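Based on what follows, work out the 3D shape:
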Amino acid sequence: MGAGYFSQFHFDAWSRVPGVELCAICDRDSDRAEAACVKWHVSRAEHQFERLLDEEPFDFVDIITPPPTHRDLVEMAVKRGIPVLCQKPLAPTYGEAVEIVELAEQAGVPLMVHDNWRFQPWYRQIRRMFDAGAIGDRLHSLAVRTRLGDGWGDDAYLDRQPYFRDYPRLLVYETGVHFVDTFRYLAGEVRQVYAVLRRLNDVIRGEDSGVVLFEFVSGATGLWDANRYNEPNFANPRYIFGELLVDASGGSLRLASDGRLTRQLLGQPEEEVPYHHVDRGFAGDCVRATIEHFVRELRAARAFETSGREYLKTLAVQEAIYESAASGQAMTPQYGQMFNP
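Just a heads-up that it's a prediction; the model follows:
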């Protein structure tokens, strides 16, 4: 469901996943649905999602539409017992995200949030190295610097995702939430956050600059220093979306703008870490890796890494970031019954 800008990465990925057939493409703009079907050799185009669900025996649906549409679309699917892969942001508000997760849970229908950052090849490699003790047994810190350069000028975002201009929340809601989930994947649960958020471009509604400090339950810290206004000094900022420094008890890892990963053990020279990554699709072909995880776990009836319930933990951290920025104080994520740090 959805044939807008980002859907191209989904369609390309689905075309390369073994044992999966893309049966239909639905978009409220019927011409856009038709065009996508022609391009990706899909047999059916439709503009009414509910009718499509009633007429086709789908094994699952992939929702690739803006956040305000997600609740109704997920409800249509889960009422029919159809598993859902849904793009992030999951909903415009935390409360609506909770409603979506509860809809799926009450129906007993699998729901996975398509947050593909943790599935990027460099983060999977870094996690493998953590697990193997390749830089020691204790994580000290994670630090990411992000400069995207797509949000300056009067025409900011118009060429790709114009709805960004109207988001009341932007940087953390759209981009930072990826790093929250990735930091949780690499460093564990978040105990508290402190954030300073700003708006640099007056033509947009939401914040486009921020510095966020994380304290993890383990005692490690994280830093995300980001803005979408200023430009980086490398060609493709949307490949890794932020250079990374990892410090641990045995040494450091550095992720460069081109995906190159190095390790420097204490007292030793820096060395390159060989691993596979490819500049195909989106950000190291992570959309394909994400949907392969979805298909694999759905077939095995196992929990998704970014299940709806698990993803609410990430959104609880996101809410704490905005609360911290508003109050000027460090805030503890309100996990409720999901997790007790």
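
any idea which helix is longest in the chain?
The single longest helix within the chain, with elements called by DSSP state H, is helix 308-327.

Only the buried residues of that helix, if you could.
308-325 (16 or more other C-beta atoms under 10 Å). Glycine gets a C-beta too; all of them are placed from N, C-alpha and C.

confidence score at the residue nearest the centre of the chain?
Nearest residue to the geometric centre of the chain (C-alpha atoms, centre = their mean): D115, 2.9 Å. D115 carries a pLDDT value of 96.

likewise M338?
Taking M338 on its own, its pLDDT is 56.

The stretch 151-300 of the chain: helices as residue ranges?
Along the stretch 151-300 of the chain, the stretches classed as helices by DSSP state H, counting those that start in this stretch are 177-187, 286-300.

can you map out the helices along the stretch 1-150 of the chain?
For the stretch 1-150 of the chain, applying DSSP H, counting those that start in this stretch gives helices covering 7-14, 30-40, 49-55, 70-79, 94-107, 121-131.

Rebuild those helices as JSON lines, extending it with mean neighbour count.
Putting the helices of the stretch 1-150 of the chain into JSON lines (neighbours: other C-beta atoms under 10 Å) gives the following:
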{"stretch": "helix 7-14", "mean neighbour count": "20"}
{"stretch": "helix 30-40", "mean neighbour count": "16"}
{"stretch": "helix 49-55", "mean neighbour count": "16"}
{"stretch": "helix 70-79", "mean neighbour count": "20"}
{"stretch": "helix 94-107", "mean neighbour count": "17"}
{"stretch": "helix 121-131", "mean neighbour count": "18"}
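
Pipe the ones you listed into JSON lines and attach mean pLDDT per row.
Conversion of those to JSON lines gives the following (pLDDT from 0 to 100):
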{"stretch": "helix 7-14", "mean pLDDT": "97"}
{"stretch": "helix 30-40", "mean pLDDT": "96"}
{"stretch": "helix 49-55", "mean pLDDT": "95"}
{"stretch": "helix 70-79", "mean pLDDT": "97"}
{"stretch": "helix 94-107", "mean pLDDT": "96"}
{"stretch": "helix 121-131", "mean pLDDT": "98"}
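
Those: which one's closest to T332?
helix 94-107 (15.0 Å; C-beta to C-beta).

next one: that closest one to chain centre, how far?
18 Å (C-alpha atoms, centre = their mean, to the nearest Å).

could you say what helices and strands it packs with?
In this structure, helix 94-107 makes packing contacts with helix 70-79, strand 111-114, helix 308-327, judged by 3 or more C-beta pairs under 8 Å, 6 or more residues apart in numbering; DSSP states H and E.

Which residues are in contact with F216?
With contacts defined as C-beta atoms under 8 Å, 6 or more residues apart in numbering, F216 is in contact with L139, F183, A187, G188, E189, V190, R191, G222.

Now do the same contact list for the last one.
With contacts defined as C-beta under 8 Å, 6+ apart, G222 is in contact with S141, L142, A143, V144, F183, A187, V212, L213, F214, E215, F216.

Dig out what G222 forms beta bridges with.
Beta-bridge pairing of G222 under DSSP bridges involves L142, F214.

And the pLDDT at it?
98.

do the one 4 residues further on as well
Here the pLDDT value assigned to A226 is 97.

Let me know whether it touches G176 as I believe.
Yes. A226 lies in contact with G176 (C-beta atoms under 8 Å); the separation is 6.8 Å.

intersection of neighbour lists for these two?
Here A226 and G176 share the contacting residues G210, scored by C-beta under 8 Å, 6+ apart.

Need the residue in this structure that's farthest from the chain's center.
Largest centre distance within the chain, by C-alpha atoms, centre = their mean: G267, 35.9 Å.
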